[in-house]
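Q: only geometry, no sequence info:
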């Protein structure tokens, strides 16, 4: 017998009262959820603000150096100082604290510049190379020491790169030079050479620039240590001596004093002086002193630092000027009389006359030492250009308080 099917009970539509109740409950739940979200957001914001305030108030977290947008915190800087002063005791660090503080900032900046510049040349120190050095030196494996090792390894790689850019041969000149203190001396040397004199021997006698060898050997233009000399070296007729070439910036190891003693007591003298670049110039200024004012002429002509004060040197004991030639005259000079020009080879003055002899010139193989010097010059020029084109922010530069805080932090950890 077939089962009797039940009739479906029709669903009843909710009443207006029920709809109103449900809507109220939905609104209440929504309000509760929104309130909870707002409350939680407030808690998160408050916690975040407190954390941010703590972050800001922690000096170690402050960014003190930026190199092309790469930041370095005070914590990083302190660790760099600590690493580079590891072998120093507290007394030494305190004694050199200003130098050490500046050195640390320079280390951070230069290392990052070097890393960025090398990367642009596709040159990098690998993590494996750094790991090997850290293990060899038994150093901590943290960012600061990894950066230090990396910056120590980069120069060798850069030298190899710039070595590879050098040609085997270059246009060069074999040059001999000397610097005479005045034109008359240069003319005298030319006369002696034309009469068969040896340039090198005459340079030993007459040259007044001890910083440069008279025979420069074979050099490319960019290694010749003076632009005026370089121009002559690549334009002179071979075997010809140049005419005297005046160079107002050339530094020579001789000067001439005009000294006046204005007082004397207990083995001391009160003196004033004018330092000139040549005997002829000294004689000229002495002639002007007859009718001129000593202070004014000193301020106009003297090459000594005392020119700012009109040549006044104050009271002197023997040895104060560091010149035997000066003392020999000043402590035996009649008061209120101006000395004859006093030649002094213990001082440096500017202005002189170059003589250039081009022994040979042409395409020539780079000698090992010349190649090394050229490579180093290219490397230095590259780094200087890199530095000039970079944006560097160093908050430590003029902030003695920050630097002192960093040094003290290093000392606290010792």
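A: Good, I have the coordinates. Just so it is clear, the structure is predicted and the values come from calculations on it, not from any experiment.

Q: C-alpha only now, for contacts and for neighbours.
A: Fine.

Q: quick check: buried residues in the top strand by length along the chain?
A: In the chain, assigned by DSSP state E, the strand with the most residues is strand 349-365. By 16 or more other C-alpha atoms under 10 Å, the buried positions in strand 349-365 come out as 349-361, 364-365.

Q: closest one of those residues to residue 200?
A: Residue 200 lies nearest to residue 357 out of those, by C-alpha to C-alpha, at 10.1 Å.

Q: where does the prediction get shaky in the chain?
A: Applying pLDDT under 70 to the chain flags the ranges 1-57.

Q: hey, where'd the helices end up in it?
A: With DSSP state H as the criterion, the chain has helices at 16-57, 74-84, 90-95, 97-120, 127-137, 143-164, 183-194, 199-206, 227-233, 279-289, 294-301, 324-330, 368-388, 400-412.

Q: show me what contacts residue 386?
A: 113, 117 (C-alpha atoms under 8 Å, 6 or more residues apart in numbering).

Q: okay, domains of the chain per the record?
A: With domains defined by automatic domain parsing, the chain comprises 27-57, 64-165+381-412, 169-252+350-365, 255-347.

Q: in a markdown table, list the helices of the chain along with distance to residue 241.
A: Output for the helices of the chain, formatted as a markdown table (distance: least, C-alpha to C-alpha, whole Å):
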| stretch | distance to residue 241 |
| --- | --- |
| helix 16-57 | 70 |
| helix 74-84 | 52 |
| helix 90-95 | 54 |
| helix 97-120 | 44 |
| helix 127-137 | 54 |
| helix 143-164 | 35 |
| helix 183-194 | 7 |
| helix 199-206 | 9 |
| helix 227-233 | 10 |
| helix 279-289 | 24 |
| helix 294-301 | 31 |
| helix 324-330 | 34 |
| helix 368-388 | 24 |
| helix 400-412 | 56 |
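
Q: what about those, which gets the closest to residue 263?
A: Ranked by C-alpha to C-alpha, the member of the helices of the chain that lies closest to residue 263 is helix 324-330, at 10.9 Å.

Q: buried residues, the closest one. List them.
A: Neighbour-count burial for helix 324-330, with 16+ other C-alpha under 10 Å as criterion, is recorded at 325-327, 329-330.

Q: before we move on, what about stretch 58-70?
A: Buried, per 16+ other C-alpha under 10 Å, within stretch 58-70: 59-60, 62-67.

Q: ok, stretch 144-161 next?
A: By neighbour count with 16+ other C-alpha under 10 Å, stretch 144-161 contains the buried residues 144-151, 153-154, 158-159, 161.

Q: same check, this time on stretch 184-200
A: Buried residues in stretch 184-200 (16+ other C-alpha under 10 Å): 185-187, 189-190, 199.

Q: try stretch 393-413
A: Neighbour-count burial for stretch 393-413 flags 393-394, 396, 402-404, 406-410 (criterion: 16+ other C-alpha under 10 Å).

Q: how about residue 215: which residues does it bridge to?
A: Counting by DSSP bridges, residue 215 is bridged to residue 176.

Q: tell me which residues touch it, please.
A: When contacts are counted by C-alpha under 8 Å, 6+ apart, residue 215 touches 175-177, 200.

Q: redo the buried residues of stretch 144-161 as a markdown table? Include distance to residue 238.
A: Formatted as a markdown table, the buried residues of stretch 144-161 follow (distance: C-alpha to C-alpha, whole Å):
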| residue | distance to residue 238 |
| --- | --- |
| 144 | 57 |
| 145 | 56 |
| 146 | 55 |
| 147 | 52 |
| 148 | 51 |
| 149 | 51 |
| 150 | 49 |
| 151 | 46 |
| 153 | 45 |
| 154 | 43 |
| 158 | 38 |
| 159 | 35 |
| 161 | 36 |
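
Q: any idea which of the residues you listed is closest to residue 228?
A: residue 159 (29.4 Å).

Q: and the gap between that closest one and residue 104?
A: If you measure residue 159 against residue 104 using C-alpha to C-alpha, to the nearest Å, the figure is 24 Å.

Q: again with residue 295
A: Remark: distance between residue 295 and residue 104 (C-alpha to C-alpha) = 45 Å.

Q: same check, this time on residue 287
A: Residue 287 sits 54 Å away from residue 104, taking C-alpha to C-alpha as the criterion.

Q: which of those two has more neighbours?
A: Set side by side, residue 287 and residue 104 show more neighbours around residue 104, with 21 against 11, by other C-alpha atoms under 10 Å.

Q: surely the more buried one touches residue 82?
A: No. With contact defined as C-alpha atoms under 8 Å, residue 104 and residue 82 do not form a contacting pair (9.2 Å).

Q: if we can go back for a sec, buried among the contacts of residue 215? Need that as a selection in ChimeraX.
A: Selection of buried members from these for ChimeraX, criterion 16+ other C-alpha under 10 Å:
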select :175,176,177
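
Q: I'd like the contacts of residue 215 as CSV, with distance to residue 266 appended.
A: As requested, those are exported to CSV (distance: C-alpha to C-alpha, whole Å):
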residue, distance to residue 266
175, 54
176, 51
177, 48
200, 48
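
Q: in the contacts of residue 215, find the pair that's most separated.
A: Distance extremes for these: the farthest pair is 175 and 200 at 11.0 Å, using C-alpha to C-alpha.

Q: and stretch 225-232, how far out from the chain's middle?
A: Chain-centre distance of stretch 225-232: 25 Å, with C-alpha atoms, centre = their mean, to the nearest Å.

Q: which residues are contacting it?
A: By C-alpha under 8 Å, 6+ apart, the surrounding residues in contact with stretch 225-232 are 177, 221-222, 224, 242, 245, 247, 354, 356.

Q: can you tell me which of those lies nearest to residue 75?
A: For those, the closest approach to residue 75 (C-alpha to C-alpha) belongs to residue 222, at 43.1 Å.

Q: can you tell me how far the closest one is from residue 381?
A: Counting by C-alpha to C-alpha, the separation of residue 222 from residue 381 is 12 Å.

Q: go on, residue 264?
A: Going from residue 264 to residue 381 by C-alpha to C-alpha gives 53 Å.

Q: more neighbours: these two, which one.
A: residue 264 (15 against 12).

Q: burial count for the nearest residue to that one once chain neighbours are set aside?
A: Distances taken as C-alpha to C-alpha, 6 or more residues apart in numbering put residue 270 closest to residue 264, at 6.1 Å, once the chain neighbours are dropped. By other C-alpha under 10 Å, 19 other residues sit near residue 270.
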